[in-house]
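Participant: dropping a prediction and its sequence here:
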Amino acid sequence: MIRLLRGRPTAVPLLGDALGPRGKRRVRVASFVAGVAVAAIVGWMIKGLMDAGQFAGRLWEPFTDSNVLDFLWVGLLNTAKAAALAMVLAMVLGALLALARLTDNRLVRWPAVAFIEFFRGIPLILLIFFIAIGLPKYGLGLPPLWALVLGLVAYNGAVLAEIFRAGILSLDRGQSEAAFAIGLGYWPAMRLVIIPQAARRMVPAIVSQLVTLLKDTSLGFVIPYEELLRRSDQTGKYYGNILQALVVAALIYIAVNYCLSHVAKRLEHRQRRRLGASGIRVAGAAEDLAVLSAQAQNHNT
Amino acid sequence: MQVVLDNLDVYLEGMRTTVALTLLSFAAALVIGTMIASFRVSPIPPLRGAGAVYVELIRNTPLAVLITLFFFGLPKAGIQFDSFFVSAVIVLSAYTSTFVAETVRSGINTVAVGQAEAARSLGLTFPQVLFVVVLPQAMRAVAAPLGSVFIALIKNSAIASIIGVIDLTFVADQVANDNPTNAIAAFLGSAVGYLLLALPSGWAVARLERRTAIKR
């Protein structure tokens, strides 16, 4: 039994059990060939950049200057500010919309459905353009930060509403039936029974939506809002090192998002270990990969 | 709404561009994404590593950064495409391929290990195990989530407007600038265009999800 468990290499879940001597030899040969191929591609890219003089110290030097670093740091802070404001407001809006969509009252439900489907179905950048370019034509101009936040809140509010709704609906009907049976009304049942359980299932999906939201703040650069992408772009234009500036911006985004995704994954693992429950998945929120893999695990069990 | 009707041909042309961007990018993303997913489940470490690096780097970079990097940054290194449209398709397919790869990979993982083990114990070879037993089952689990990736791509394609591709979003801007008093209608026209693409796709995905659901 123990040998059987050990014999399953975690790295190759698909193949089932450990490879025999011939298989191992073949993997070694293939690994060598693939390693050479990957090294060749990476080497070719590096050589291309070298030949174009893109590794010249002059082009990277500005990023050791504390003024430039401060400039970018403020950009990152502005990104974080927009993301934090938008996330908090979108959670509130999403919760209200989800509850509205779950009630029996049509006068409440239908507007919520219309709002959710409309804002979930259009591109965020169209919405941001509308707020930044369309509204000022009616004298309704907003400062760039709030134009960006408003767009993010409308879009993510709609997406989060669907995540919340799916979380609430994913609970067994017996939970709400039992709550009503012991005499709780709609709101007490929601507050004491449904929401505490649903909330735990939603955490991974919410964190991955936060990653998406953080990435979407970069759309602010068209408004223009002084966030990380815009400030990197300006740095690149000023020092004539646009490629390097954008690579630095990309690396910062990658580092931040990678950490956040990692947190999401850990939360999800912990949740699955504790509750044995799987996350929820919302059609349309395609970027919810943590949730997607939760569903995958669900199929497996 | 008169302004939309007056410019209907412009909107239709923009919609055509949006559809073309979406379909071409999705086709390319399916091919690249499936290839990356097969790298990531292969027993060959360099391929697994390369697949993981590709996915993590591209997925965690905002699309706006990717497209500016590609369009304004890479020409400095001598890589340049004259067509805005082609540039947009390359960036959108690279970005979408990471989501396709993760979807396909988790789809492959949904197939219980016992299936592959049973196939092997029957004497099937590795390609047979993969193509006859594992992938057909994985496809069921993957179909609906891939549909969601497609819907996200319809909306993501709007990013192409910032490098000058004349898609639905670009058209909204243009019409709003030409008709400042009707800006709301101008943007609504494009919004309706996107909804005409996204909502039916959403229904199709929901239907696909019901039909491919595996009751275990």
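Facilitator: Sure, I can see it.

Participant: once you drop chain neighbours, what's closest to residue B:92?
Facilitator: In space, residue B:92 comes closest to residue B:25 once its chain neighbours are excluded; the distance is 3.9 Å by Cβ to Cβ, 6 or more residues apart in numbering or on different chains. Just so you know, the C-beta spots here come from the backbone N, C-alpha and C atoms, and that holds for glycine as well.

Participant: in chain B, which helix or strand is least confident?
Facilitator: Least confident helix or strand, chain B: helix B:126-128 with a mean of 81, by mean pLDDT, DSSP states H and E.

Participant: any chance you could map the helices in chain B?
Facilitator: Taking DSSP state H, the helices of chain B run over residues B:2-6, B:8-41, B:45-59, B:63-68, B:84-110, B:113-121, B:126-128, B:135-156, B:168-178, B:183-212.

Participant: shaky segments in chain B?
Facilitator: Residue ranges of chain B with pLDDT under 70: B:214-216.

Participant: what comes up buried for stretch A:46-53?
Facilitator: A:49, A:52 (16 or more other Cβ atoms under 10 Å in any protein chain shown).

Participant: oh, I was asking about stretch A:77-90
Facilitator: For stretch A:77-90, a neighbour-count test (16+ other Cβ under 10 Å) marks A:78, A:79, A:82, A:83, A:85, A:86, A:87, A:89, A:90 as buried.

Participant: which of those fall in helices?
Facilitator: Using DSSP H, these in helices are A:78, A:79, A:82, A:83, A:85, A:86, A:87, A:89, A:90.

Participant: look up how far residue A:151 lies from the first one.
Facilitator: To tie it back to what came earlier, the one meant is residue A:78. Distance, residue A:78 to residue A:151, by Cβ to Cβ, to the nearest Å: 15 Å.

Participant: do the same with residue B:15
Facilitator: Distance from residue B:15 to residue A:151, counting by Cβ to Cβ: 22 Å.

Participant: adding mean neighbour count, write the helices of chain B out as JSON lines.
Facilitator: Putting the helices of chain B into JSON lines (neighbours: other Cβ atoms under 10 Å in any protein chain shown) gives the following:
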{"stretch": "helix B:2-6", "mean neighbour count": "14"}
{"stretch": "helix B:8-41", "mean neighbour count": "19"}
{"stretch": "helix B:45-59", "mean neighbour count": "18"}
{"stretch": "helix B:63-68", "mean neighbour count": "24"}
{"stretch": "helix B:84-110", "mean neighbour count": "23"}
{"stretch": "helix B:113-121", "mean neighbour count": "16"}
{"stretch": "helix B:126-128", "mean neighbour count": "12"}
{"stretch": "helix B:135-156", "mean neighbour count": "21"}
{"stretch": "helix B:168-178", "mean neighbour count": "23"}
{"stretch": "helix B:183-212", "mean neighbour count": "18"}
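
Participant: turn these into a markdown table, columns for distance to residue A:55.
Facilitator: A markdown table is the format used below for those (distance: least, Cβ to Cβ, whole Å):
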| stretch | distance to residue A:55 |
| --- | --- |
| helix B:2-6 | 51 |
| helix B:8-41 | 27 |
| helix B:45-59 | 19 |
| helix B:63-68 | 21 |
| helix B:84-110 | 23 |
| helix B:113-121 | 45 |
| helix B:126-128 | 42 |
| helix B:135-156 | 32 |
| helix B:168-178 | 36 |
| helix B:183-212 | 42 |
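
Participant: which of those sits closest to residue A:220?
Facilitator: Smallest distance to residue A:220 across the helices of chain B (Cβ to Cβ): 8.8 Å, for helix B:63-68.

Participant: and the residue nearest to residue B:92, what does it touch?
Facilitator: With contact set as Cβ atoms under 8 Å, 6 or more residues apart in numbering or on different chains, residue B:25 has these partners: B:88, B:89, B:92, B:93, B:96, B:153, B:157.

Participant: quick check, nearest of the residues you listed to residue B:204?
Facilitator: residue B:153 (14.2 Å).

Participant: in contact with the closest one, which residues?
Facilitator: Residue B:153 neighbours (Cβ under 8 Å, 6+ apart): B:22, B:25, B:26, B:29, B:92, B:96.

Participant: quick one: low-confidence ranges for the stretch 151-300 of chain A?
Facilitator: In the stretch 151-300 of chain A (pLDDT under 70), the answer is A:274-300.

Participant: go again with 80.
Facilitator: Applying pLDDT under 80 to the stretch 151-300 of chain A picks out residues A:264, A:268, A:270-300.

Participant: OK, contacts around residue B:88?
Facilitator: By Cβ under 8 Å, 6+ apart, residue B:88 lies in contact with B:21, B:25, B:67, B:157, B:159, B:160, B:163, B:165.

Participant: distance of it relative to residue B:144?
Facilitator: Separation of residue B:88 from residue B:144 (Cβ to Cβ): 27 Å.

Participant: please list the residues of the stretch 101-250 of chain A that sit near chain B.
Facilitator: Selection of the stretch 101-250 of chain A residues close to chain B by Cβ under 8 Å from any Cβ of the partner chain yields A:117-118, A:120-126, A:129-130, A:133-135, A:137-138, A:211, A:215-219, A:221-222, A:229, A:233, A:236, A:242-243, A:246-247, A:249-250.

Participant: quickly check: the helix or strand hosting residue A:41 near chain B or not.
Facilitator: Using DSSP states H and E, residue A:41 sits in helix A:21-51. Yes: interface with chain B: helix A:21-51 contributes A:27, A:30, A:31, A:34, A:35, A:37, A:38, A:48, A:49, A:51 (Cβ under 8 Å from any Cβ).

Participant: ok, and the most crowded of the residues you listed?
Facilitator: Highest neighbour count within these: residue A:34, with 20 neighbours (other Cβ atoms under 10 Å in any protein chain shown).

Participant: where does that residue land on pLDDT?
Facilitator: Residue A:34 is assigned a predicted lDDT (pLDDT) of 94.

Participant: thought it was touching residue B:43?
Facilitator: No: using Cβ atoms under 8 Å, residue A:34 is not in contact with residue B:43, being 10.8 Å away.

Participant: identify the residues contacting the residue in the stretch 51-200 of chain A that chain B sits nearest to.
Facilitator: The nearest approach of the stretch 51-200 of chain A to chain B comes at residue A:123, 3.5 Å away (Cβ to the nearest Cβ). Contacts for residue A:123 were tallied using Cβ under 8 Å, 6+ apart; they are B:154, B:155, B:156, B:157, B:158, B:159, B:169, B:194.
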